[in-house]
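1. Provide a 3D model corresponding to the input given below.
(chains A and B)
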There are 2 protein chains.
Amino acid sequence: MNINWAERMSCMENPAVKAILAITQRSDVISFAGGLPSARSFPVEGLAAAFATVLNEQGASALQYGISEGYEPLRDWVADRVGRQGIRCTAANIIIGNGSQQIIDLIARTMLDPGDYVALENPTYLSAIQIFKGAQARFIPIPLDQEGMRVDMLAEQIKKVRPKFIYVNPTFQNPTGVTMTVERRRQLAQLAAEYEIPVIEDNPYGELRYSGDSLPAVKSFPGGDWVIYVGTVSKIVAPGLRVGWAIASETIIDKLTTAKQLTDVLTNSLTQRALHRFVTDQDLDQHIAMIVKQYRQQRDVMLAAMEEHFPSSVTWTVPDGGMFIWVTLPAIINTNDLLPAAIEEEKVAYVPGTPFHADDSGHNTMRLNFSNSTPDLIRTGVARLGALLKRYLK
Amino acid sequence: MNINWAERMSCMENPAVKAILAITQRSDVISFAGGLPSARSFPVEGLAAAFATVLNEQGASALQYGISEGYEPLRDWVADRVGRQGIRCTAANIIIGNGSQQIIDLIARTMLDPGDYVALENPTYLSAIQIFKGAQARFIPIPLDQEGMRVDMLAEQIKKVRPKFIYVNPTFQNPTGVTMTVERRRQLAQLAAEYEIPVIEDNPYGELRYSGDSLPAVKSFPGGDWVIYVGTVSKIVAPGLRVGWAIASETIIDKLTTAKQLTDVLTNSLTQRALHRFVTDQDLDQHIAMIVKQYRQQRDVMLAAMEEHFPSSVTWTVPDGGMFIWVTLPAIINTNDLLPAAIEEEKVAYVPGTPFHADDSGHNTMRLNFSNSTPDLIRTGVARLGALLKRYLK
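-> Just a heads-up that it's a prediction; the model follows:
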């Protein structure tokens, strides 16, 4: 069967993600790959109560089609919740999608023509790179340092080549764990408004803070009208519910709604209502505090084990939150080549750094996830990885 | 705020659908517009039991990420179910999406480049037209008669211009209610294989038959490897669950999975598992028999009321199933222009026929939905519409 696929399909292959998902299924491997939240953190009983209540009280209306923007009480809740990050908005500024990934995809579809440029942190979220590649975009990769994206370098770059939008993951970034400082957030919002270039502020991990003080969203600063804030419940309630959102000007929400309507009409009605019930009836902050306590311990165990077992030539980030630690090895190591050895010789897995780089750099980097392993597995897995690195760095 | 949107957005506006959704919210209008199933048909208690059972028995695993193809036991069930239509397949031939509309969108994304041709029935499902327009496709519209798409005319056309695929809704077609005959199904599958052009067989209504005998799927005939069958539970369980599927060769499923993975990773895990529980624990055939009994009565009431109230110059289809009756008025009437009068003067709504036509023809046609109104409302609404038509046809 020989089918003439669309051109975008040649840009869309994502073997890295497929390999990660395959590894996470193998029970004999300790996997620090993947980006799964801990299943122990899911509020099973609270959600069971919420689904039962919604079906009991709202009946059939919870199972019917609804508007493409999403269930209004849930959007009201989101609008209220993001007030904590300094964002002022109403339900009219919000659209609900199937997880935040669909939101990123809808933004790409509404804004990108083939050949358009996207500016982004280098490294950044690998599926965002893949989505933009699937939209046949080109990249303006901007380095990060300990204060987040180098906004000064972004400013230089966009004078030369104008991107359609700037994609950032400013809080507990995936994959580096780095958080953008207040000053850079302010500069980024200002830059967006000055050059009239939308910024996508992707914030899936922001509520998972283990140290340091909360920061206001990029969208909360002057110029924030140009920022599309992207949120999700995947890391604070459960990813299998597939609920995320965009917060933006009504002009932008209107376009995203048109695209959403044609893409899949609406996000699961029952789930949107049950989620609204859950966040209304249960104490979400208490639930998040429980997750934070668990993940903080896991982060600390991983960092301590890395200190103990990793060779001195290896460096890594110390994230204040989120789910990932970013490791940089001496340049002689290629983490893509090392992965089969890690799995076969030591039964431990990580994600090589290259697919997080829009320019395919980062051959000597890797991402470690600490949210989805117990402290014991983290200790064992990091010791195995340390033994491997010592062998290959001899 | 001036944003430079992607070119596809200028092809994607869908005011017809927005207007329909707005009308369906007005409580003083009897709406035969929209394509909503009756909320009375939703199995609220059965679904409540299924969600409770899944969360109780499977716990957190029902809330985690899963594979992009969808929950395997649900795919096994789909594979078994479509055996009734003569389709032989396994879970490896199936991908689950957020309703069948996402499946159509994924097919468009994987196959269509701007300027590509799509062959389709004229008229056909308006959102399919809008999805293909959003993919910047061009159209090869093929007329229907009482036996479905004129496959002979399709054969002539594809000799001249080769489409990327052929989209058909062969059973109780939206909007006409027409069902393609066995002979034409056979010819269509044969044509697909002969010319190596995929056929999308969209079948959302096939299980809602009120008269006549069930027909085998186009995919069941020789050449059916080239057919992508698209199904959904929206009309037999509930649309708010957003569960649909494609059945196709593994080559095609693999590409759709790549696109799905980047679009939104996976379809709601909990819902897929609860739906599987529902169809396993409950008697779906008995449930569908209840829906069929209800809709058959509504169809019959609408047809009888049309006989009684519509002017003799008006003709319409008599569907054996589905949710729609298609009305053709004398050419002097433009149903787009008539709609405001219908709503204001008679408080009754329909969908004008033009947006169902890829070539913008059909100004004197309209679609009436009978699934979402009670017999009393159908009698009153059809009488109102009849009065309106008599006034405007004087």
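
2. how about low-confidence regions in chain A?
-> Filtered on pLDDT under 70, chain A yields the residue ranges A:13-21, A:23-25.

3. Show me which strand runs longest in it.
-> With secondary structure taken from DSSP state E, chain A has its longest strand at strand A:138-145.

4. For that one, list the C-alpha coordinates in PDB.
-> C-alpha atoms of strand A:138-145 as PDB (Å, rounded to 0.1, in the frame of the first residue of the first chain):
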ATOM      1  CA  ARG A 138      11.900  26.800  11.300                       C
ATOM      2  CA  PHE A 139      13.500  27.700  14.600                       C
ATOM      3  CA  ILE A 140      15.300  30.500  16.400                       C
ATOM      4  CA  PRO A 141      16.900  28.600  19.300                       C
ATOM      5  CA  ILE A 142      17.800  30.800  22.200                       C
ATOM      6  CA  PRO A 143      20.200  29.600  25.000                       C
ATOM      7  CA  LEU A 144      19.200  29.500  28.700                       C
ATOM      8  CA  ASP A 145      21.300  30.200  31.700                       C
END
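
5. Would you map the strands across chain A?
-> Taking DSSP E as the criterion, chain A carries its strands at A:30-31, A:94-97, A:117-122, A:138-145, A:148-149, A:165-168, A:199-202, A:227-232, A:244-247, A:315-316, A:324-328, A:348-349, A:351-352, A:365-369.

6. Is it possible to get those strands out as JSON lines so that each row also shows mean neighbour count and distance to chain B?
-> C-beta: built from backbone N, CA, C; applies to glycine. Listed next are the strands of chain A as JSON lines, based on neighbours: other CB atoms under 10 Å in any protein chain shown; distance: least, CB to the nearest CB, whole Å:
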{"stretch": "strand A:30-31", "mean neighbour count": "24", "distance to chain B": "13"}
{"stretch": "strand A:94-97", "mean neighbour count": "28", "distance to chain B": "7"}
{"stretch": "strand A:117-122", "mean neighbour count": "24", "distance to chain B": "12"}
{"stretch": "strand A:138-145", "mean neighbour count": "18", "distance to chain B": "14"}
{"stretch": "strand A:148-149", "mean neighbour count": "26", "distance to chain B": "22"}
{"stretch": "strand A:165-168", "mean neighbour count": "28", "distance to chain B": "9"}
{"stretch": "strand A:199-202", "mean neighbour count": "27", "distance to chain B": "12"}
{"stretch": "strand A:227-232", "mean neighbour count": "26", "distance to chain B": "10"}
{"stretch": "strand A:244-247", "mean neighbour count": "27", "distance to chain B": "9"}
{"stretch": "strand A:315-316", "mean neighbour count": "16", "distance to chain B": "25"}
{"stretch": "strand A:324-328", "mean neighbour count": "23", "distance to chain B": "16"}
{"stretch": "strand A:348-349", "mean neighbour count": "24", "distance to chain B": "16"}
{"stretch": "strand A:351-352", "mean neighbour count": "25", "distance to chain B": "15"}
{"stretch": "strand A:365-369", "mean neighbour count": "27", "distance to chain B": "12"}
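
7. got those strands as TSV, with distance to residue B:165 columns?
-> TSV is the format used below for the strands of chain A (distance: least, CB to CB, whole Å):
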stretch	distance to residue B:165
strand A:30-31	39
strand A:94-97	27
strand A:117-122	30
strand A:138-145	29
strand A:148-149	42
strand A:165-168	32
strand A:199-202	33
strand A:227-232	33
strand A:244-247	31
strand A:315-316	49
strand A:324-328	41
strand A:348-349	39
strand A:351-352	36
strand A:365-369	39
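
8. any idea how chain A splits into domains?
-> A:9-42+A:286-392, A:66-281 (automatic domain parsing).

9. Just the terminal-to-terminal distance for the shortest one.
-> Taking CA to CA, to the nearest Å, domain A:9-42+A:286-392 runs 37 Å from one end to the other.

10. got it, and the longest one?
-> Across its full length, domain A:66-281 reaches 23 Å between end residues, using CA to CA.

11. And it, how far out from the chain middle?
-> Between the centre of domain A:66-281 and the centre of its chain there are 9 Å (CA atoms, centre = their mean, to the nearest Å).

12. what does the stretch 51-200 of chain A have sitting close to chain B?
-> Proximity of the stretch 51-200 of chain A to chain B, by CB under 8 Å from any CB of the partner chain, involves residues A:51-52, A:55-56, A:59-67, A:97-99, A:101-102, A:105, A:109-113, A:116, A:127, A:130-131, A:134, A:164, A:196, A:198.

13. Give me the buried subset of those.
-> Neighbour counting by 16 or more other CB atoms under 10 Å in any protein chain shown classes A:51-52, A:55, A:60, A:62-67, A:97-99, A:101-102, A:105, A:109-113, A:116, A:127, A:130-131, A:134, A:164, A:198 among those as buried.

14. Which residue ranges of the stretch 101-250 of chain A form helices?
-> If you assign secondary structure with DSSP state H, counting those that start in this stretch, the helices in the stretch 101-250 of chain A sit at A:126-134, A:151-160, A:182-195, A:250-264.

15. Now do residue A:251: how many residues are near it, please.
-> Around residue A:251 there are 12 other residues, counting by other CB atoms under 10 Å in any protein chain shown.

16. Repeat that for the one 5 residues further on.
-> Burial of residue A:256 is recorded as 25 neighbouring residues (other CB under 10 Å).

17. What of residue A:1?
-> A count of nearby residues for residue A:1, using other CB under 10 Å, gives 12.

18. if I pick it, what's in contact with it?
-> Contacts here follow CB atoms under 8 Å, 6 or more residues apart in numbering or on different chains; on that basis residue A:1 touches B:196, B:225, B:226, B:249, B:251, B:252.

19. one more time with 6 Å
-> Contacts here follow CB atoms under 6 Å, 6 or more residues apart in numbering or on different chains; on that basis residue A:1 touches B:249, B:251.

20. If we ignore the residues flanking it in sequence, what's nearest the residue of the stretch 251-394 of chain A at minimum distance from chain B?
-> Of the stretch 251-394 of chain A, the residue with the smallest distance to chain B, taken as CB to the nearest CB, is residue A:269 at 3.1 Å. Ranked by CB to CB, 6 or more residues apart in numbering or on different chains and with sequence neighbours excluded, the top spatial neighbour of residue A:269 is residue B:240, at 3.1 Å.

21. Please apply the same query to residue A:310.
-> Nearest residue to residue A:310 in three dimensions, chain neighbours excluded: residue A:386, at 5.1 Å (CB to CB, 6+ apart).

22. do residue A:356 as well
-> Nearest residue to residue A:356 in three dimensions, chain neighbours excluded: residue A:123, at 3.5 Å (CB to CB, 6+ apart).
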